[in-house]
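K.L.:
Provided below are the primary sequence and the corresponding predicted coordinates.
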Amino acid sequence: MKIYIDTSVIGGYFDEEFQEWSQKLFEEFRNGKKTAIISDVTLGELEDAPSNVRELLSTIPTQFKEIVTLDNEAKELSYHYIKEKIVTAKSLVDTRHIAIATVNRADILVSWNFKHIVNYKLIRLYNSVNLKYGYPVLEIRTPRETIEPK
């Protein structure tokens, strides 16, 4: 299973409120149960993060992570989310995460961003745009919802 992770999941690894589930997800990446999809947008957001947050991705073996980029196709899809007034241009980075995950056919996008990403109403709207432009529905969940039961 290919899971796109945004920056909130990486930071959540060290956040008391989210760490249990972020840490379990990272363990599944390390064990090869899932593949982490990481974008250049996420890597850019991590540049100013504390070193422990920046270095966390290096704990995932190379064969269990995939680095993807914000290409023109994803930029265009991101623009459609804003043009369709799902969110405003202030949320451009959030729409880019969703577009990159969609274009790269992630099985799931995981995030702790409840305002602009993991939001039932917005998920439906993002997916309506995806379908309108010929893309599949994207599952958007929290790490807690993606962990395999023991």
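P.N.:
On my side now, so go ahead.
K.L.:
Next up, the contacts around residue 136.
P.N.:
102, 105, 130 (Cβ atoms under 8 Å, 6 or more residues apart in numbering). C-beta here means a position set from N, CA and C on the backbone, and glycine is covered the same way.
K.L.:
Do I have it right that the second one meets residue 3?
P.N.:
What that stands for is residue 105. No: Residue 105 is beyond contact range of residue 3, at 11.8 Å (criterion: Cβ atoms under 8 Å).
K.L.:
Extract the C-alpha set from the helix or strand of the chain with the lowest mean pLDDT and format it as CSV.
P.N.:
Lowest by mean pLDDT, DSSP states H and E among the helices and strands of the chain is helix 51-55, with a mean of 92. This file holds the C-alpha atoms of helix 51-55, laid out as CSV (Å, rounded to 0.1, in the frame of the first residue of the first chain):
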residue,chain,number,x,y,z
SER,A,51,16.8,18.4,13.1
ASN,A,52,15.0,15.4,14.7
VAL,A,53,11.9,16.1,12.5
ARG,A,54,14.1,16.6,9.4
GLU,A,55,16.0,13.4,10.0
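K.L.:
if you skip the residues just before and after it, what's nearest to residue 82?
P.N.:
Sequence neighbours aside, residue 89 is the residue nearest to residue 82 in space, at 5.5 Å (criterion: Cβ to Cβ, 6 or more residues apart in numbering).
K.L.:
actually residue 91, not the one I wrote
P.N.:
residue 116 is the one closest to residue 91 (Cβ to Cβ, 6+ apart), at 4.7 Å.
K.L.:
how near is that neighbour to residue 123?
P.N.:
11 Å (Cβ to Cβ, to the nearest Å).
K.L.:
quick revisit: burial count for the residue nearest to residue 82?
P.N.:
Residues contacting residue 89 under the criterion other Cβ atoms under 10 Å number 9.
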